[in-house]
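*Asks:* Have a look at this fold, sequence not included:
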């Protein structure tokens, strides 16, 4: 698929924060012809059937919008998609003529996001600053900080504040 467009990744965990990062990216960054790739990281699981075991290593194939807007189809990946995220990219596809794709990885979000950047490969990645709950964040360290410090492409952290801190 020849496209002069950039490959822009958005790290999605479907938290309000990642939805905000997606919306911000669509509103401020994407241009006609870009590939908008939702990078989803799921916890490692052990799958019975071969296809999923293979993908656990490489990540899923790039999934087109027609497939990921179909919730029954997404159940096979163990995903229950937030309609808000699908709506945002569906509108982007229509209004901005961008190509939305999704890629799912299984494992540690920090490692897998770096893998996505190198393998897809992404020109740029956008990530919300809070996806994980405070406890998980304390254990794992901040995923966004890790990606900023280790990524081989520009990383934009889209800040999402809950409440106003003075």
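*Replies:* Cool, the structure landed. It should be emphasised that the depicted structure is a prediction, and the values quoted were computed from it without experimental measurement.
*Asks:* And for residue 23, the neighbour number?
*Replies:* The burial count assigned to residue 23 is 19, neighbours taken as other CB atoms under 10 Å. For glycine as for every other residue, the C-beta is placed from the backbone atoms N, C-alpha and C.
*Asks:* Model confidence for it, exactly?
*Replies:* According to the predicted model, the pLDDT of residue 23 comes to 95.
*Asks:* Residue 139 now?
*Replies:* 58.
*Asks:* same question, residue 112
*Replies:* pLDDT, read off for residue 112, is 93.
*Asks:* And residue 30, by the same measure?
*Replies:* Looking at residue 30, its pLDDT stands at 95.
*Asks:* same deal with residue 162?
*Replies:* As predicted, residue 162 sits at a pLDDT of 58.
*Asks:* same check, this time on residue 115
*Replies:* Looking at residue 115, its pLDDT stands at 95.
*Asks:* Just say helix, strand or coil for it.
*Replies:* At residue 115 the chain is in helix, as set by DSSP: H, G, I helix; E, B strand; the rest coil.
*Asks:* check contacts around it.
*Replies:* Contacts were defined as CB atoms under 8 Å, 6 or more residues apart in numbering; by that measure residue 115 touches 59, 105.
*Asks:* One more: residue 35?
*Replies:* With contact set as CB under 8 Å, 6+ apart, residue 35 has these partners: 3, 5, 6, 7, 8, 98, 99, 100, 101.
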